[in-house]
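[1] how would this look folded up:
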Amino acid sequence: MSIEVERDGAVWTVTIDNPAARNAVDRAHADALASAFRAFDTDAAARAAVLTGSGGHFCAGADLKAVVRRDGSENRLSESGDGPMGPSRLLLSKPVIAAVAGYAVAGGLELSLWCDLRVVDETAVFGVFSRRFGIPLVDGGTVRLPRLVGMGRALDMILTGRAVGAAEALAIGLANRVVPRGEAKTAAQALAHQIAQFPQSCLLADRRSAYEQWELGNAEAIANEFRLGKAVLDREWDTSARAFVQGRGRGGAPA
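    This next block holds a predicted model:
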(Lines give C-alpha, C1' and ligand atoms only; values in the text may rest on other atoms or scores of the structure.)
Protein backbone atom coordinates (compact mmCIF):
# COMPACT_ATOMS: atom_id res chain seq x y z
CA MET A 1 0.00 0.00 0.00
CA SER A 2 1.33 3.41 -0.87
CA ILE A 3 -0.26 6.84 -0.69
CA GLU A 4 2.38 9.50 -1.26
CA VAL A 5 2.03 13.06 0.05
CA GLU A 6 4.17 15.92 -1.26
CA ARG A 7 4.08 19.44 0.15
CA ASP A 8 5.11 22.46 -1.90
CA GLY A 9 4.35 25.59 0.06
CA ALA A 10 0.58 25.87 0.42
CA VAL A 11 -0.10 23.03 -2.05
CA TRP A 12 -0.29 19.33 -1.20
CA THR A 13 -0.12 16.57 -3.82
CA VAL A 14 -1.61 13.22 -2.82
CA THR A 15 -0.68 10.34 -5.12
CA ILE A 16 -2.20 6.86 -5.26
CA ASP A 17 0.86 4.73 -5.97
CA ASN A 18 -0.34 1.28 -6.95
CA PRO A 19 0.56 1.22 -10.66
CA ALA A 20 0.53 -2.57 -11.00
CA ALA A 21 -3.25 -2.44 -10.45
CA ARG A 22 -3.83 0.89 -12.25
CA ASN A 23 -4.04 2.48 -8.80
CA ALA A 24 -6.99 0.41 -7.63
CA VAL A 25 -7.86 1.17 -4.02
CA ASP A 26 -8.25 -1.42 -1.26
CA ARG A 27 -9.14 -0.73 2.38
CA ALA A 28 -5.63 0.34 3.36
CA HIS A 29 -5.39 2.76 0.43
CA ALA A 30 -8.86 4.13 1.22
CA ASP A 31 -8.00 4.66 4.89
CA ALA A 32 -4.72 6.35 3.97
CA LEU A 33 -6.44 8.64 1.46
CA ALA A 34 -9.01 9.72 4.03
CA SER A 35 -6.29 10.34 6.62
CA ALA A 36 -4.19 12.34 4.15
CA PHE A 37 -7.05 14.65 3.25
CA ARG A 38 -8.09 15.13 6.87
CA ALA A 39 -4.51 16.15 7.63
CA PHE A 40 -4.55 18.53 4.66
CA ASP A 41 -7.80 20.09 5.79
CA THR A 42 -6.53 20.76 9.31
CA ASP A 43 -3.12 22.11 8.25
CA ALA A 44 -3.34 25.90 8.56
CA ALA A 45 -0.54 26.36 6.02
CA ALA A 46 -2.24 24.24 3.33
CA ARG A 47 -4.57 25.98 0.88
CA ALA A 48 -5.16 23.61 -2.05
CA ALA A 49 -4.46 19.97 -2.89
CA VAL A 50 -3.99 17.82 -5.97
CA LEU A 51 -5.13 14.18 -6.12
CA THR A 52 -3.47 12.03 -8.76
CA GLY A 53 -2.25 8.52 -9.55
CA SER A 54 1.11 7.11 -10.59
CA GLY A 55 2.13 5.15 -13.66
CA GLY A 56 -0.07 6.89 -16.22
CA HIS A 57 -3.46 6.22 -14.61
CA PHE A 58 -5.61 8.07 -12.08
CA CYS A 59 -7.54 5.21 -10.45
CA ALA A 60 -9.29 2.08 -11.72
CA GLY A 61 -11.69 1.95 -8.77
CA ALA A 62 -11.91 -0.46 -5.87
CA ASP A 63 -9.46 -3.36 -5.76
CA LEU A 64 -11.83 -6.22 -6.54
CA LYS A 65 -9.09 -8.79 -5.99
CA ALA A 66 -9.10 -7.74 -2.35
CA VAL A 67 -12.87 -8.21 -2.27
CA VAL A 68 -12.49 -11.76 -3.59
CA ARG A 69 -9.74 -12.59 -1.07
CA ARG A 70 -11.91 -11.56 1.90
CA ASP A 71 -8.83 -11.26 4.08
CA GLY A 72 -9.68 -7.90 5.62
CA SER A 73 -8.11 -5.89 2.81
CA GLU A 74 -11.42 -5.43 1.00
CA ASN A 75 -13.02 -1.97 0.90
CA ARG A 76 -15.26 -1.25 3.88
CA LEU A 77 -19.00 -1.13 3.24
CA SER A 78 -20.79 0.81 5.95
CA GLU A 79 -23.43 3.51 5.87
CA SER A 80 -21.50 5.45 8.50
CA GLY A 81 -17.89 6.56 8.52
CA ASP A 82 -15.67 6.90 5.48
CA GLY A 83 -16.74 5.70 2.04
CA PRO A 84 -15.41 2.55 0.38
CA MET A 85 -12.91 4.68 -1.59
CA GLY A 86 -11.90 6.68 1.49
CA PRO A 87 -12.54 10.44 1.43
CA SER A 88 -15.63 10.36 -0.79
CA ARG A 89 -18.01 11.36 2.04
CA LEU A 90 -15.88 14.25 3.28
CA LEU A 91 -16.69 17.87 2.46
CA LEU A 92 -13.38 19.59 3.03
CA SER A 93 -13.09 23.27 3.77
CA LYS A 94 -10.45 23.70 1.03
CA PRO A 95 -10.33 22.86 -2.69
CA VAL A 96 -8.93 19.67 -4.21
CA ILE A 97 -8.03 19.30 -7.89
CA ALA A 98 -7.93 15.91 -9.62
CA ALA A 99 -5.04 15.44 -12.04
CA VAL A 100 -6.27 12.70 -14.35
CA ALA A 101 -4.31 10.62 -16.82
CA GLY A 102 -5.44 7.26 -18.15
CA TYR A 103 -8.29 5.52 -16.38
CA ALA A 104 -10.58 7.27 -13.91
CA VAL A 105 -13.28 4.64 -13.85
CA ALA A 106 -15.82 3.13 -11.42
CA GLY A 107 -14.67 4.21 -7.95
CA GLY A 108 -11.86 6.17 -9.61
CA LEU A 109 -14.47 8.20 -11.47
CA GLU A 110 -16.18 8.81 -8.14
CA LEU A 111 -12.93 10.03 -6.56
CA SER A 112 -12.46 12.47 -9.44
CA LEU A 113 -16.04 13.71 -8.99
CA TRP A 114 -15.36 14.26 -5.29
CA CYS A 115 -12.69 16.79 -6.26
CA ASP A 116 -13.59 20.41 -6.96
CA LEU A 117 -11.94 20.50 -10.39
CA ARG A 118 -10.55 17.99 -12.87
CA VAL A 119 -7.45 18.70 -14.98
CA VAL A 120 -7.04 15.87 -17.47
CA ASP A 121 -4.51 14.95 -20.10
CA GLU A 122 -5.26 13.62 -23.56
CA THR A 123 -5.10 9.99 -22.39
CA ALA A 124 -7.86 10.35 -19.79
CA VAL A 125 -10.75 7.89 -19.88
CA PHE A 126 -13.77 8.24 -17.58
CA GLY A 127 -16.47 5.63 -17.22
CA VAL A 128 -18.77 3.57 -15.02
CA PHE A 129 -16.89 0.43 -16.04
CA SER A 130 -18.31 -1.39 -13.00
CA ARG A 131 -21.57 -1.53 -14.97
CA ARG A 132 -20.01 -4.40 -16.92
CA PHE A 133 -19.75 -6.73 -13.92
CA GLY A 134 -22.63 -5.67 -11.71
CA ILE A 135 -21.10 -3.42 -9.07
CA PRO A 136 -23.05 -0.23 -8.25
CA LEU A 137 -21.74 3.25 -7.55
CA VAL A 138 -21.56 3.74 -3.77
CA ASP A 139 -19.13 6.65 -3.41
CA GLY A 140 -21.36 9.50 -4.56
CA GLY A 141 -21.21 8.88 -8.30
CA THR A 142 -24.98 8.86 -8.91
CA VAL A 143 -25.26 12.15 -6.98
CA ARG A 144 -22.24 14.14 -8.13
CA LEU A 145 -22.24 13.11 -11.80
CA PRO A 146 -25.79 14.37 -12.57
CA ARG A 147 -25.09 17.59 -10.67
CA LEU A 148 -21.95 18.13 -12.70
CA VAL A 149 -22.96 17.18 -16.25
CA GLY A 150 -26.79 17.04 -16.10
CA MET A 151 -29.13 14.10 -15.73
CA GLY A 152 -29.26 13.05 -19.37
CA ARG A 153 -25.50 12.88 -19.83
CA ALA A 154 -25.05 11.26 -16.44
CA LEU A 155 -27.56 8.53 -17.21
CA ASP A 156 -25.86 7.92 -20.54
CA MET A 157 -22.67 7.11 -18.64
CA ILE A 158 -24.35 5.30 -15.75
CA LEU A 159 -26.61 3.05 -17.82
CA THR A 160 -24.18 2.17 -20.62
CA GLY A 161 -20.87 2.05 -18.77
CA ARG A 162 -19.23 3.45 -21.89
CA ALA A 163 -15.83 5.15 -22.02
CA VAL A 164 -15.69 8.95 -22.16
CA GLY A 165 -12.44 10.39 -23.46
CA ALA A 166 -10.81 13.70 -22.62
CA ALA A 167 -12.37 15.75 -25.43
CA GLU A 168 -15.92 14.63 -24.63
CA ALA A 169 -15.29 15.06 -20.90
CA LEU A 170 -14.36 18.70 -21.55
CA ALA A 171 -17.38 19.24 -23.81
CA ILE A 172 -19.89 17.97 -21.22
CA GLY A 173 -18.28 19.69 -18.22
CA LEU A 174 -16.78 16.60 -16.63
CA ALA A 175 -13.27 17.97 -17.23
CA ASN A 176 -12.29 21.57 -16.55
CA ARG A 177 -9.00 21.59 -18.49
CA VAL A 178 -7.43 19.27 -21.07
CA VAL A 179 -3.64 19.35 -21.37
CA PRO A 180 -1.11 17.36 -23.42
CA ARG A 181 -0.20 13.82 -22.47
CA GLY A 182 1.82 13.61 -19.26
CA GLU A 183 1.11 17.18 -18.12
CA ALA A 184 -1.99 16.75 -15.94
CA LYS A 185 -0.14 16.72 -12.61
CA THR A 186 2.01 19.74 -13.44
CA ALA A 187 -0.97 21.71 -14.75
CA ALA A 188 -3.09 20.81 -11.73
CA GLN A 189 -0.33 21.85 -9.36
CA ALA A 190 0.06 25.18 -11.18
CA LEU A 191 -3.68 25.75 -10.88
CA ALA A 192 -3.58 24.85 -7.17
CA HIS A 193 -0.79 27.37 -6.59
CA GLN A 194 -2.83 30.00 -8.44
CA ILE A 195 -5.86 29.33 -6.24
CA ALA A 196 -3.66 29.36 -3.12
CA GLN A 197 -2.51 32.92 -3.88
CA PHE A 198 -5.98 34.47 -3.76
CA PRO A 199 -7.42 35.96 -0.54
CA GLN A 200 -8.62 32.80 1.16
CA SER A 201 -11.50 33.86 3.41
CA CYS A 202 -13.52 35.11 0.45
CA LEU A 203 -12.63 32.16 -1.77
CA LEU A 204 -13.53 29.58 0.87
CA ALA A 205 -16.80 31.30 1.79
CA ASP A 206 -17.92 31.35 -1.85
CA ARG A 207 -16.89 27.71 -2.29
CA ARG A 208 -18.79 26.69 0.83
CA SER A 209 -21.92 28.51 -0.33
CA ALA A 210 -21.76 26.76 -3.71
CA TYR A 211 -21.70 23.36 -2.01
CA GLU A 212 -24.31 24.09 0.66
CA GLN A 213 -26.88 25.51 -1.76
CA TRP A 214 -27.70 22.00 -3.04
CA GLU A 215 -29.47 21.19 0.23
CA LEU A 216 -31.40 24.49 0.45
CA GLY A 217 -34.33 26.17 -1.23
CA ASN A 218 -33.64 29.24 -3.37
CA ALA A 219 -34.37 31.83 -0.67
CA GLU A 220 -32.47 29.87 1.97
CA ALA A 221 -29.48 29.42 -0.36
CA ILE A 222 -29.31 33.14 -1.11
CA ALA A 223 -29.59 33.96 2.59
CA ASN A 224 -26.83 31.45 3.37
CA GLU A 225 -24.60 32.99 0.72
CA PHE A 226 -25.16 36.42 2.29
CA ARG A 227 -24.38 35.16 5.80
CA LEU A 228 -21.15 33.53 4.71
CA GLY A 229 -20.09 36.51 2.63
CA LYS A 230 -20.99 39.09 5.26
CA ALA A 231 -18.89 37.28 7.85
CA VAL A 232 -15.91 37.79 5.54
CA LEU A 233 -16.80 41.42 4.81
CA ASP A 234 -17.20 42.19 8.51
CA ARG A 235 -13.56 41.19 8.96
CA GLU A 236 -12.00 42.25 5.66
CA TRP A 237 -14.21 44.82 3.89
CA ASP A 238 -11.83 47.75 4.39
CA THR A 239 -8.70 45.77 3.54
CA SER A 240 -10.22 44.30 0.38
CA ALA A 241 -11.65 47.61 -0.83
CA ARG A 242 -8.32 49.34 -0.21
CA ALA A 243 -6.51 46.63 -2.20
CA PHE A 244 -8.84 47.28 -5.15
CA VAL A 245 -8.37 51.08 -4.98
CA GLN A 246 -4.61 50.59 -4.89
CA GLY A 247 -4.79 48.58 -8.12
CA ARG A 248 -4.01 45.17 -6.73
CA GLY A 249 -5.70 42.23 -8.43
CA ARG A 250 -5.85 43.85 -11.87
CA GLY A 251 -5.29 41.63 -14.85
CA GLY A 252 -6.19 38.51 -12.87
CA ALA A 253 -3.27 38.66 -10.46
CA PRO A 254 -3.96 37.90 -6.80
CA ALA A 255 -4.47 40.98 -4.64
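[2] and for the closest residue to residue 61 other than its chain neighbours, the neighbour number?
    Once flanking residues are discounted, residue 61 sits nearest to residue 106: 3.1 Å by Cβ to Cβ, 6 or more residues apart in numbering. (Glycine included, C-beta is placed from N, CA and C.) When neighbours are defined as other Cβ atoms under 10 Å, residue 106 has 28 of them.
[3] would you agree residue 106 is in contact with residue 58?
    No: Residue 106 lies out of contact with residue 58 (Cβ atoms under 8 Å); the separation is 11.3 Å.
[4] returning to that earlier point: just the pLDDT at the residue nearest to residue 61, thanks.
    You'll see residue 106 listed with a pLDDT of 96.
[5] can you pull the contacts of it?
    When contacts are counted by Cβ atoms under 8 Å, 6 or more residues apart in numbering, residue 106 is found next to 60, 61, 62, 127, 128, 129, 130, 135, 137.
[6] out of those, which sit inside strands?
    residue 127 (DSSP state E).
[7] may I have the phi/psi pair for the residue nearest to residue 61?
    Backbone dihedrals for residue 106, given as degrees, to the nearest 10, come out at phi 50, psi -120.
[8] that one and residue 196: what is the separation?
    31 Å (Cβ to Cβ, to the nearest Å).
[9] just residue 67 next, same as before
    Residue 67 is 38 Å from residue 196, where distance means Cβ to Cβ.
[10] just want to know which of these two has more residues nearby.
    Set side by side, residue 67 and residue 196 show more neighbours around residue 196, with 20 against 16, by other Cβ under 10 Å.
[11] so that one makes contact with residue 11?
    Yes: counting by Cβ under 8 Å, residue 196 does reach residue 11; the two are 5.8 Å apart.
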